[in-house]
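Peer 1: build me a structure from this.
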Amino acid sequence: MTSVKTSAGRKVCQRVAVAAVLAVMAAGAGACGNRLNEGRLQAAARQNNGGGQPAPGAASPAAGASAENPAPGGATETTSVPAGNAATNPAAATPVGNASPASPTPAPRTSSGAANPATAAAARSNAGPTSSGGGAGNNPASPSPSGAGSAKTVPGGGGVPGGGGPAPSPGGTCSGTKAPIVIGSVGEYSGLLGPILAPGVKSVQAWVAATNAKGGLNCHPVKFVVYDAGGDPSRNQSLTQRAVEQDHVIAFVYNGAALSGQASADYLKQRHIPVIGEEGAQPWVCYSPNGFPVMSSCNEGIEGIYQALAKVIKPGENVAAITCNEVPFCTGYTNNAEKYAKEAGLKLVYNGTVSMTQPDYTSACIQAKNAGAQSLALGMVDSAANRVKRSCKSVGLDVPIISNGTAFSAAKPGDGLDGAWIASGVRFTPPSDPAVAEWLATLKQYVPGTGATANGGIGWVSAKVFELAAKAMPDTPTSQAVLEGLWAIKGNDIGGMTRPLTYVKDQPAVQTPGCWFATKMDDSKGGWTGGTRVCL
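Peer 2: Purely as a prediction, here's the structure:
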């Protein structure tokens with residue numbers, strides 16, 4: 001449950017941020033561009049927070065920060081995936097303090113925890129840039145060991161008319177290193193939505209590591225900076241501005257910012273900065289010329305719930321909608337439920353709203369049951385959906401449930417959602433699918449322990465779309481070059497992982513055809529299964 005910060009808590013956070021910034025400034029006095037590591041920043045933060053206890057959101061230096069509760073407001077620079085348990089470290093290195101400078105990312109480690117000698121040697125080499133420099137424009141990604149993380153080309157098409165085009169794959173031989181390409185991600189990577197949205201960041205990080213291992217994009221190393229807005233719109237706006245104006249980010253690749261993303265829409269449009277991929281709950285991305293959704297997003301994502309329900313699951317005609325009231329986009333679920341149910345040949349018999357923090361949903365379940373519901377269309381995170389399923393079963397309403405994939409992506413076997421369905425905008429299962437297999441293999445190599453989730457798939461597809469757009473990046477990377485590359489994409493479904501994508505110059509993204517992947521949680525099979533594509 002997301003806590004509300006008191007004024008005293010905000011003062012503490014401010015002291016933590018000031019301490020972190022002063023510490024970095026002191027380190028920089030000795031060597032240009034030198035940065036403190038995360039442990040030292042946390043130690044400075046604890047010292048200025050009373051000495052004994054960690055700063056809010058900061059974890060013990062020995063344990064590493066928790067993915068479920070990183071400190072909001074920070075920026076994390078990543079050039080490769082850090083050591084440690086990737087499953088509990090979604091943002092590569094958890095930010096410390098409020099908008100604190102990024103810590104250098106540790107070198108990838110072997111399964112034994114020892115530093116990879118090849119990577120360490122590459123980091124020490126003077127032949128290429130390192131990740132310990134100062135400003136983003138002068139601090140490109142440190143290439144990974146040569147030959148690691150090779151990606152293969154996967155077939156395109158996916159059975160959708162006009163969908164062709166293979167998923168892109170980095171390649172080529174570079175005789176030298178060009179200026180870095182700096183990309184970013186601003187989103188809710190802490191709090192209630194953090195565990196759900198953070199897997200998208202992990203996938204982008206894995207792609208960055210694999211791409212740099214092969215020499216970068218057109219010989220440009222790629223640097224990825226992650227900013228945690230913590231659900232605060234004003235923080236999102238300030239971090240986005242910082243990313244563009246100070247860190248020289250030329251494109252955002254997967255912004256998981258369902259709570260705060262709208263705040264930066266006007267600024268990004270004015271600066272002509274592309275946003276490639278999001279979690280599906282930011283309508284401005286679908287209707288802005290600088291928004292580039294990588295799946296059926298926004299209202300089309302809601303539509304997919306009912307289309308998948310009718311075409312794949314077929315539990316009956318009567319459906320009840322139960323939707324959260326915390327996330328701004330939840331109103332879209334409520335307002336469009338009747339329309340999309342009718343278009344799918346279903347009858348909406350109940351349309352209610354609840355809080356995702358409620359311990360029990362018996363009242364809503366009784367109303368849905370009395371209305372004759374034969375299935376439930378949910379708009380909420382997986383933990384709340386679990387409680388809905390349990391509450392409804394207790395009153396005799398044991399019917400199929402389905403939700404949007406980005407809300408359920410953190411679910412896993414044993415979470416009480418066995419038999420639940422999602423309509424995901426991207427394919428993330430089965431593992432035998434060639435494009436999915438490439439993604440999972442890259443995750444395994446660079447972010448071991450990371451499972452397949454819908455948001456993880458969105459992050460990967462976002463990175464692949466960026467790869468297509470930036471494959472001919474000029475010597476000086478620019479946002480305009482990315483935009484030109486995006487506008488050249490016509491009908492490419494990234495190896496069948498999403499709907500055919502088409503972008504038009506200075507126009508909102510084309511939203512047709514709409515495609516969704518109906519996927520089921522099956523505890524006996526170890527997680528999400530299926531992945532049948534439904535297209536309109």
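Peer 1: can you give me the strands in the stretch 251-400 of the chain?
Peer 2: Taking DSSP state E, counting those that start in this stretch as the criterion, the stretch 251-400 of the chain carries its strands at 251-255, 275-278, 291-292, 318-324, 347-354, 375-379.
Peer 1: mean neighbour count and mean pLDDT added to those strands, as TSV?
Peer 2: (C-beta placed from N, C-alpha, C; glycine too.) Converted to TSV, these look like this (neighbours: other CB atoms under 10 Å; pLDDT from 0 to 100):
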stretch	mean neighbour count	mean pLDDT
strand 251-255	31	98
strand 275-278	31	98
strand 291-292	28	98
strand 318-324	26	97
strand 347-354	19	97
strand 375-379	26	96
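Peer 1: now render those strands as a markdown table, adding distance to Val225.
Peer 2: Converted to a markdown table, the strands of the stretch 251-400 of the chain look like this (distance: least, CB to CB, whole Å):
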| stretch | distance to Val225 |
| --- | --- |
| strand 251-255 | 10 |
| strand 275-278 | 14 |
| strand 291-292 | 19 |
| strand 318-324 | 30 |
| strand 347-354 | 36 |
| strand 375-379 | 31 |
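Peer 1: list the buried residues for stretch 258-269?
Peer 2: Neighbour-count burial for stretch 258-269 flags Ala258, Leu259, Ser260, Gly261, Gln262, Ala263, Ser264, Ala265, Leu268 (criterion: 16 or more other CB atoms under 10 Å).
Peer 1: kindly report the same for stretch 442-458.
Peer 2: For stretch 442-458, burial by neighbour count (16+ other CB under 10 Å) applies to 442-443, 445-448, 450-458.
Peer 1: low-confidence regions, the stretch 151-300 of the chain specifically.
Peer 2: 151-173, 175-176 (pLDDT under 70).
Peer 1: can you do 80?
Peer 2: 151-177 (pLDDT under 80).
Peer 1: that one: helices as residue ranges?
Peer 2: Listed in chain order, the helices of the stretch 151-300 of the chain (DSSP state H, counting those that start in this stretch) span 194-213, 233-245, 265-271, 283-287, 299-308.
Peer 1: need the winner for burial among those.
Peer 2: With neighbours defined as mean count of other CB atoms under 10 Å, the helices of the stretch 151-300 of the chain peak in mean count at helix 194-213, which reaches a mean of 28.
Peer 1: now tabulate the helices of the stretch 151-300 of the chain in CSV and tack on distance to Trp516.
Peer 2: As requested, the helices of the stretch 151-300 of the chain are exported to CSV (distance: least, CB to CB, whole Å):
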stretch, distance to Trp516
helix 194-213, 18
helix 233-245, 28
helix 265-271, 25
helix 283-287, 15
helix 299-308, 3
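Peer 1: so Gly187 touches Gly261, yeah?
Peer 2: Yes: between Gly187 and Gly261 there is a contact at 7.4 Å, judged by CB atoms under 8 Å.
Peer 1: so what's in contact with the two at the same time?
Peer 2: Asn255 (CB atoms under 8 Å, 6 or more residues apart in numbering).
Peer 1: still on that earlier bit, need the max-distance pair from the buried residues of stretch 442-458.
Peer 2: Gln445 and Ala454 (21.3 Å; CB to CB).
Peer 1: closest to Cys365 out of the buried residues of stretch 258-269?
Peer 2: For the buried residues of stretch 258-269, the residue nearest Cys365 by CB to CB is Ala258; the value is 25.4 Å.
Peer 1: quick check on that closest one: phi, psi?
Peer 2: Main-chain torsions, Ala258, degrees, to the nearest 10: phi -60, psi -30.
Peer 1: distance-wise, check it relative to Phe517.
Peer 2: For Ala258, the distance to Phe517 equals 20 Å [CB to CB, to the nearest Å].
Peer 1: check Thr442 too.
Peer 2: From Thr442 across to Phe517, the span is 20 Å (CB to CB).
Peer 1: ditto for Val461
Peer 2: From Val461 to Phe517 the distance is 12 Å (CB to CB).
Peer 1: again, but for Asn336
Peer 2: 20 Å.
Peer 1: A helix includes Glu484, no?
Peer 2: Yes: the assignment for Glu484 (DSSP: H, G, I helix; E, B strand; the rest coil) places it in a helix.
Peer 1: residues contacting it?
Peer 2: Ala469.
Peer 1: how near is it to Pro221?
Peer 2: In this structure, Glu484 lies at 21 Å from Pro221, with CB to CB as the measure.
Peer 1: likewise Pro274?
Peer 2: From Pro274 over to Pro221 the distance is 20 Å, taken as CB to CB.
Peer 1: and Asp247, by the same measure?
Peer 2: For Asp247, the distance to Pro221 - CB to CB - is 15 Å.
Peer 1: same question for Gly200.
Peer 2: On the measure of CB to CB, Gly200 and Pro221 end up 22 Å apart.
Peer 1: which residue, neighbours along the chain excluded, lies closest to Leu346?
Peer 2: Closest residue to Leu346 apart from its sequence neighbours, by CB to CB, 6 or more residues apart in numbering: Val319 at 4.9 Å.
Peer 1: doesn't Lys471 make contact with Val482?
Peer 2: No: if you go by CB under 8 Å, Val482 and Lys471 don't touch, sitting 10.6 Å apart.
Peer 1: so for the two, which residue has more residues nearby?
Peer 2: When neighbours are counted by other CB atoms under 10 Å, Val482 comes out ahead of the other of Val482 and Lys471, with 24 against 16.
Peer 1: tell me the contacts of that one?
Peer 2: Ile250, Ala251, Pro274, Phe466, Ala469, Ala470, Met473.
Peer 1: give me the pLDDT value at it.
Peer 2: Listed pLDDT for Val482 reads 98.
Peer 1: okay, and the beta partners of the residue lying closest to it once chain neighbours are set aside?
Peer 2: In space, Val482 comes closest to Ala251 once its chain neighbours are excluded; the distance is 4.7 Å by CB to CB, 6+ apart. Counting by DSSP bridges, Ala251 forms beta bridges with Ile183.
Peer 1: burial of the closest residue to Val186 other than its chain neighbours, as a residue count?
Peer 2: Closest residue in space to Val186, ignoring its immediate chain neighbours: Tyr227 at 4.4 Å, by CB to CB, 6+ apart. Using other CB under 10 Å, Tyr227 has 31 other residues around it.
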